[in-house]
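Colleague: no letters, just coordinates:
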């Protein structure tokens, strides 16, 4: 009997399952976006991880490049699938100078069209279909699709804590928890192949300490498990010394790039992800990178990566931006100040409303606990609360579904997706929503 379906099983699964449960409402909110003059009753899309704070400065820089320089002829031809040499060299200098603070050899870098592509291709090359990647929960929901749809890797959400209070001094990821996870995964017939960490973390804003990264790296090397650290928010850091929030960090953790540990060990099981999407606010440019001393991995990336390549025109533009250290100095400083201002505005509101949240070291988020407003402690209750906030305040947060965390009622607030004037209005509306809910 012939099937009525005209797609493969994989195609049907892709067609039926949305990438994110919040995207339809996100597009609605974008069409009715708040503007203080033209649409004062509009919506606030604060659910997608975009940084809109300093685009004007970067746009001006890019326009100056395109006006003053002739497009090189190589842009119209095929290039190295892993990234042209000029971009790899410029990016190596950029990372060394601003994020990793250790030299990055250009030959250890490989580029793809965005962070999603980097995650997908790296996973495809490191793990076999049916293997498992362990990711501490809560974590980026779309990791599931990035590692699962094409690489066919299972996601294991490792529960390191239950309450927000438990991560105020860092993510309590221990060797004991990893050993327990390894036993459970192997008992199920799978293979613990990858450990994926994000620092600063999405959604909690926490960071891993240098000692913690060292212990985790040693354990992964010993067990022949690939440890990949995603530093996509590496330069989107909050000024935790600001007097208004300094007391929120009684035991401050110093950010150390995982690339420093990699440079010391040069081990084939240690890898690093980065993208220009968040720190530079150019998610639409689609530029992500892998850094690894595993020569076979870089070689495989180059051989398999043609369909993931970044356009040569984009590579040229980004290379020219990265060459200007004076611009980069000013841009990164301005961006971090603007991000800190946004963070202060949000946590000021949360503190006034007595909403628990995790003090953030970086990223574009605040992870807040709204569980007191759940009508039922379930996925449905969480979803209903998320919709209720949007319908009565016009603020669209990221729903808790997909982050892999067991506790219900936790939401991600993207603090960089609207400007400061709009964010102030959004927080006023949110405060009014909280007051009304508590009085009913």
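Modeller: Received, thanks. Keep in mind that what you see is a predicted model, and the values were worked out from it rather than measured.
Colleague: state the mean pLDDT of stretch 44-62.
Modeller: For stretch 44-62, mean pLDDT is 92.
Colleague: start to end distance for that stretch?
Modeller: The first and last residues of stretch 44-62 sit 28 Å apart, counting by CA to CA, to the nearest Å.
Colleague: list the buried residues for that stretch?
Modeller: 44-51, 53-54, 58, 61-62 (16 or more other CB atoms under 10 Å). All C-beta atoms are positioned from the backbone trio N, CA, C, and that covers glycine.
Colleague: mind putting those into a markdown table with distance to residue 172?
Modeller: Below are the buried residues of stretch 44-62 laid out as a markdown table (distance: CB to CB, whole Å):
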| residue | distance to residue 172 |
| --- | --- |
| 44 | 33 |
| 45 | 32 |
| 46 | 28 |
| 47 | 27 |
| 48 | 29 |
| 49 | 24 |
| 50 | 30 |
| 51 | 28 |
| 53 | 31 |
| 54 | 34 |
| 58 | 37 |
| 61 | 41 |
| 62 | 42 |
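Colleague: looking at those residues, which are in helices?
Modeller: Judged by DSSP state H, the buried residues of stretch 44-62 include 58, 61, 62 as members of helices.
Colleague: go through those and name the one nearest residue 329.
Modeller: residue 61 (12.6 Å; CB to CB).
Colleague: separation between the closest one and residue 185?
Modeller: 47 Å (CB to CB, to the nearest Å).
Colleague: could you do residue 382 as well?
Modeller: Between residue 382 and residue 185 the computed distance is 27 Å (CB to CB).
Colleague: quick one: which of the ones in helices among the buried residues of stretch 44-62 is nearest residue 432?
Modeller: Distance to residue 432 across these (CB to CB) is lowest for residue 58, with 34.5 Å.
Colleague: isn't the closest one up against residue 276?
Modeller: No. Residue 58 is beyond contact range of residue 276, at 10.1 Å (criterion: CB atoms under 8 Å).
Colleague: joint contacts of those two?
Modeller: Residues touching both residue 58 and residue 276 (CB atoms under 8 Å, 6 or more residues apart in numbering): residue 282.
Colleague: domain ranges for this protein?
Modeller: 9-55+328-438, 72-323 (automatic domain parsing).
Colleague: now tabulate those domains in CSV and tack on distance to residue 66.
Modeller: Converted to CSV, these look like this (distance: least, CB to CB, whole Å):
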stretch, distance to residue 66
domain 9-55+328-438, 16
domain 72-323, 7
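Colleague: ranking the ones you listed by mean pLDDT, which is last?
Modeller: Across the domains of the chain, domain 9-55+328-438 has the smallest mean pLDDT, namely a mean of 92.
Colleague: from the chain's centroid, how far away is it?
Modeller: 15 Å (CA atoms, centre = their mean, to the nearest Å).
Colleague: try stretch 242-262
Modeller: On CA atoms, centre = their mean, the centre of stretch 242-262 falls 18 Å from the chain's centre.
Colleague: span of it from start to end?
Modeller: 31 Å.
Colleague: mind listing what's buried in it?
Modeller: So stretch 242-262, judged by 16+ other CB under 10 Å, has buried residues 245, 248, 249, 253, 255, 256, 257, 258, 259, 261, 262.
Colleague: what residues does that stretch touch?
Modeller: 95, 99-102, 104, 169-170, 197, 199-200, 207-210, 213-214, 217, 229, 231, 234, 237-238, 240, 270-272, 291-293, 340, 343-344, 347-348, 359, 361-362.
Colleague: among the buried residues of stretch 44-62, which are in strands?
Modeller: 44, 45 (DSSP state E).
Colleague: can you give me the neighbour number for residue 438?
Modeller: 11 (other CB atoms under 10 Å).
Colleague: distance across stretch 362-378, terminal residue to terminal residue?
Modeller: 29 Å.
Colleague: now stretch 190-204
Modeller: 29 Å.
Colleague: number of residues surrounding residue 163?
Modeller: There are 12 residues near residue 163, going by other CB under 10 Å.
Colleague: was I right to think it contacts residue 406?
Modeller: No. Checked against CB under 8 Å, the pair residue 163 and residue 406 is beyond contact range at 10.7 Å.
Colleague: the strands in this protein, which residues?
Modeller: Going by DSSP E, the chain shows strands at 44-45, 109-112, 132-137, 154-159, 192-198, 226-230, 270-275, 288-292, 365-369, 395-396, 410-414.
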